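Enquirer: sequence first, then the predicted structure:
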Amino acid sequence: MKASILGAVTAAVWSWSSFAAAAPPAAEERTVSDGVDRPIHDYSGEGDASSMELNPALLTAAPALDLALLGYQTLSEFARGSGFGAFIAANLRFGLAVGFGAQFLQPQLGKGAADFALDRNPTATKLTWAIAGGLGDKGGFGIAVHGIRSDNGWLRRPDLDIGALYRIRNYGSVGVNVRLGPGDLRDPVFQSQASLVAEAAIRPLGTRTLELAGGVRSVLARAEPGSELDRVGGTTGLFPRGRIALRYRGLALMGEVEQIQTTVLDRTTLQPLRTDKTVRGSVAIELGWDMVRARAGMHAGAHGGADGVGFEAHVGTLRNDRVYWPRRIDAERIEFSDVGDERSLIAMLERLERAREAGDRSVLVVYPDTKAGWATLHELREALIRVRNAGGHVFAYLEGASLQEYYVASAAEKIYIHPAGSLDTYGISTTQFYFKQALAKLGVQVEVVRIDEYKSAGEPFTETGPSAPDRAQDGEILADTYGQIVADVARGRGLAPSRVRALFDDAPHAPEAALGETLVDEVVHRDQLLDRISDVLGAEVEFRRFADTRHGAPTWSDAPYIGVVLVEGTIIDGESRFIPLVGLRFVGGDTIATSARIQRARGSSCGSTAAAARRSPPTSCGARSS
């Protein structure tokens, strides 16, 4: 898809070039304060230090510190825009960004052609100061001041840019920049001009993978040297433009089509005849590696062939995607002992989801030491499987494991065990306390109303042991749970379910015995673990803790989200309550409703589009029916 789109853009550019070659020569027109040309002009999408030349509001979307270098060289004798520039910007992250740039401009016609407008296009140095306010993922505004120097003096009073930026969540962005050249629109030597550029960009997928943008440059008013400002009416001062960007990891392919102003020249004398408009296109490729990005592109179509080539280099504090898989790999250490309640479970699932989104860049080393219930373990295990299905790598390390820990570890592609460890993979059971006799000594008699014999939630207070129906349903639950455990382990280790049952029945297993039965893959000490994983991946692996495995900002803003109200405990009427002596937690319906109303009210002010309740299951295998 990417190659076909880029091929279509290139074919259109060169088709226009063939047509332009048969037309009279036309020289590109630029104002004295226009900066170094570039193949891609981004007024609303990605922000960097050089954005102060296009739309200073985009500085709010730049990295904390960013350095940009760009150069352009004309290839056609009728093109302008050659030069070199350097920009530096600091995004202070509390709604303020500042920047400075310097450009060396050579705006004369290319290839040493006699320039009919040499006096209007002198070699000069352009200095830019910019300041911006706002948040780059939501919107901002910016002001830039441009000064032009030549022959050790200022050519004119400074130009003034006023820019604005507005993000429409993940899917859209609008950028506008007004340029007053010079700021008071009065110049006795050079042409004065007031212009506006407006651009709207959309990201149909909600990510930066595909970006489409369209806009217009409008010359609002113009004045010849020493003359009064005249409004430019109709379509004379309108120059439409559009661009596309396709990004995958550290690679980006970009294209742009725009209309520009030209001066038609006499074929023989190369003197100006009239002003006109023409269309030019450009293509560019960008490569990224961590903190560095490099871009190269070219213009074509305006002058019967290639118009010019441009180069950009960016170094910043924002870590970008990489063009290819590095030989040094960061592994994330996942300890399931951190999972103690519903909130810590959700936090762990979010970490695993980020690892899944990172795809084959994810390397997880799991330490499955946990006391969580089977429902929680199943949810964690499924998350690890999703990481593997997305191309990620999952390894598990055991220093002695119960059935719960081994069940989670069986989702890994390789299981390592400590030489002093063991696999205590015994069966599962359930335990229930009965309080009838204790309550009787206190003179308390509990009366429970139930609909049928399997409604056994009240039996701990009315019986001294499980009833036959309760014992039967507990047995069914345990048998079903154990069957799923055996089936999941068998699938993960490539063994027959009957063989897994037999091995569990023969527990415990010493490390060497577990290795011989293919329950584990290798016996290693803790300090040897990363070396073994490095051998498997063919790269040097080291631990690193990071909150987000994705490199680079995924898009402009936060996606719409769903608020979740956690419900932990038995649901009852009225308000929630907790009995500390026996550890019983009851969740009241009125409390749930109040929390849902609060969540909905908060959502209307911070972007939540829906609310949902998450019911925490009991942690024991033999859940009581209530």
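Expert: Ah, there it is.
Enquirer: can we go C-alpha only for contacts and neighbour counts from here?
Expert: OK.
Enquirer: which SS state does residue 58 fall under?
Expert: Put simply, residue 58 is helix when judged by DSSP: H, G, I helix; E, B strand; the rest coil.
Enquirer: start the count at 58 instead of 1 going forward.
Expert: Happy to do that; since the first residue is 58 now, the last one works out to residue 115.
Enquirer: which residues touch the spatially closest residue to it that is not a sequence neighbour?
Expert: Nearest residue to residue 115 in three dimensions, chain neighbours excluded: residue 104, at 4.8 Å (Cα to Cα, 6 or more residues apart in numbering). The contact partners of residue 104, taken as Cα atoms under 8 Å, 6 or more residues apart in numbering, are 115-119.
Enquirer: what do you get for residue 152?
Expert: Taking Cα under 8 Å, 6+ apart, we find residue 152 in contact with 117, 190-192.
Enquirer: strands - which of those land there?
Expert: Using DSSP state E, 190-192 are the members of those that sit in strands.
Enquirer: in those, which has the lowest confidence score?
Expert: Scanning the ones in strands among the contacts of residue 152 for pLDDT, the low point is residue 192. It has 88.
Enquirer: that one: neighbour count?
Expert: Under the neighbour criterion other Cα atoms under 10 Å, residue 192 is assigned a count of 24.
Enquirer: repeat for residue 80
Expert: Counted with other Cα under 10 Å, residues neighbouring residue 80 total 12.
Enquirer: gap between it and residue 570?
Expert: Using Cα to Cα, to the nearest Å, one obtains 84 Å as the distance from residue 80 to residue 570.
Enquirer: correct me, but residue 125 touches residue 108?
Expert: No - because the distance of 9.5 Å does not satisfy Cα atoms under 8 Å, residue 125 is recorded as not touching residue 108.
Enquirer: more neighbours: these two, which one.
Expert: Neighbours per residue (other Cα under 10 Å) separate residue 125 from residue 108, with residue 108 holding more: 25 against 22.
Enquirer: can you classify the more buried one as helix, strand or coil?
Expert: Taken by three-state DSSP, the conformation at residue 108 corresponds to helix.
Enquirer: so it touches residue 116, yeah?
Expert: Yes - in this structure residue 108 lies within contact range of residue 116 using Cα under 8 Å: 6.4 Å.
Enquirer: show me where the stretch 458-607 of the chain has its helices.
Expert: Listed in chain order, the helices of the stretch 458-607 of the chain (DSSP state H, counting those that start in this stretch) span 460-466, 493-498, 516-519, 525-550, 554-562, 568-573, 586-594.
Enquirer: now do the stretch 308-457 of the chain
Expert: Secondary structure of the stretch 308-457 of the chain (DSSP H, counting those that start in this stretch): helices at 399-414, 431-446.
Enquirer: out of the ones you listed, deepest packed?
Expert: Among those, the stretch with the highest mean neighbour count (mean count of other Cα atoms under 10 Å) is helix 431-446, at a mean of 20.
Enquirer: next one: it to chain centre, how far?
Expert: If you compare the mean C-alpha spot of helix 431-446 with that of the full chain, they lie 23 Å apart, counting by Cα atoms, centre = their mean, to the nearest Å.
Enquirer: look up the closest residue to residue 349, ignoring the ones flanking it.
Expert: Ranked by Cα to Cα, 6+ apart and with sequence neighbours excluded, the top spatial neighbour of residue 349 is residue 372, at 4.7 Å.
Enquirer: quick one: mean pLDDT over the biggest strand by length in the chain.
Expert: In terms of residue count, the longest strand belonging to the chain (DSSP E) is strand 329-357. Per-residue pLDDT values across strand 329-357 average out to 94.
Enquirer: pick out the shakiest of the helices of the stretch 308-457 of the chain, pLDDT-wise.
Expert: Mean pLDDT per stretch puts helix 399-414 lowest among the helices of the stretch 308-457 of the chain, at a mean of 88.
Enquirer: which secondary structure elements does it contact?
Expert: helix 431-446 (3 or more Cα pairs under 8 Å, 6 or more residues apart in numbering; DSSP states H and E).
Enquirer: which strands or helices does the helix it packs on pack on?
Expert: In terms of contacts (3+ Cα pairs under 8 Å, 6+ apart), helix 431-446 is packed against helix 399-414, strand 450-455, helix 460-466.
Enquirer: touching that helix from outside, list them.
Expert: Here helix 431-446 makes contact (Cα under 8 Å, 6+ apart) with 402, 406, 409-410, 412-414, 416, 419, 450-451, 461, 464-466, 468-469, 674, 676-678.
Enquirer: strand 450-455 and that one, what's the angle between them?
Expert: 140 degrees (axes from the mean of the first three to the mean of the last three Cα atoms, to 10 degrees).
Enquirer: do you know the pLDDT at the residue lying closest to residue 581 once chain neighbours are set aside?
Expert: In space, and not counting its chain neighbours, residue 581 is closest to residue 475: 5.4 Å by Cα to Cα, 6+ apart. Predicted confidence (pLDDT) at residue 475: the value is 94.
Enquirer: give me the neighbour count for residue 475.
Expert: Using other Cα under 10 Å, the number of residues around residue 475 comes to 17.
Enquirer: now do it against residue 585, distance only.
Expert: As it turns out, when the distance is counted by Cα to Cα, residue 475 lies 10 Å from residue 585.
Enquirer: go on, residue 437?
Expert: 26 Å.
Enquirer: again, but for residue 498
Expert: Distance of residue 498 to residue 585, given as Cα to Cα: 59 Å.
Enquirer: hang on, the earlier thing: mind putting the helices and strands packed on helix 431-446 into TSV with distance to residue 331?
Expert: Supplementary listing: the helices and strands packed on helix 431-446 in TSV, determined by distance: least, Cα to Cα, whole Å:
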stretch	distance to residue 331
helix 399-414	56
strand 450-455	65
helix 460-466	77
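Enquirer: which ones are touching residue 470?
Expert: 450-452.
Enquirer: make CSV from those and add neighbour count to it.
Expert: Formatted as CSV, those follow (neighbours: other Cα atoms under 10 Å):
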residue, neighbour count
450, 25
451, 24
452, 22
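Enquirer: what is the neighbour count of residue 128?
Expert: By the measure other Cα under 10 Å, the count of residues near residue 128 is 22.
Enquirer: can I take it that it is in a strand?
Expert: Yes - assignment of residue 128 by three-state DSSP places it within a strand.
Enquirer: was I right to think it contacts residue 139?
Expert: Yes - with contact defined as Cα under 8 Å, residue 128 and residue 139 form a contacting pair (7.3 Å).
Enquirer: what's the overlap in contacts for the two?
Expert: In terms of Cα under 8 Å, 6+ apart, residue 128 and residue 139 are both contacted by the residues 93-94.
Enquirer: follow-up on the earlier one: wait, the residue nearest to residue 581 sits on residue 586?
Expert: No - taking contact to mean Cα under 8 Å, the distance of 9.6 Å between residue 475 and residue 586 leaves them out of contact.
Enquirer: mutual contacts of those two, please.
Expert: Residues touching both residue 475 and residue 586 (Cα under 8 Å, 6+ apart): none.
Enquirer: so where is the stretch 258-407 of the chain shaky, pLDDT-wise?
Expert: Under the criterion pLDDT under 70, the flagged ranges of the stretch 258-407 of the chain are 381-384.
Enquirer: so what's residue 587 scoring on pLDDT?
Expert: At residue 587, the pLDDT value in this model is 89.
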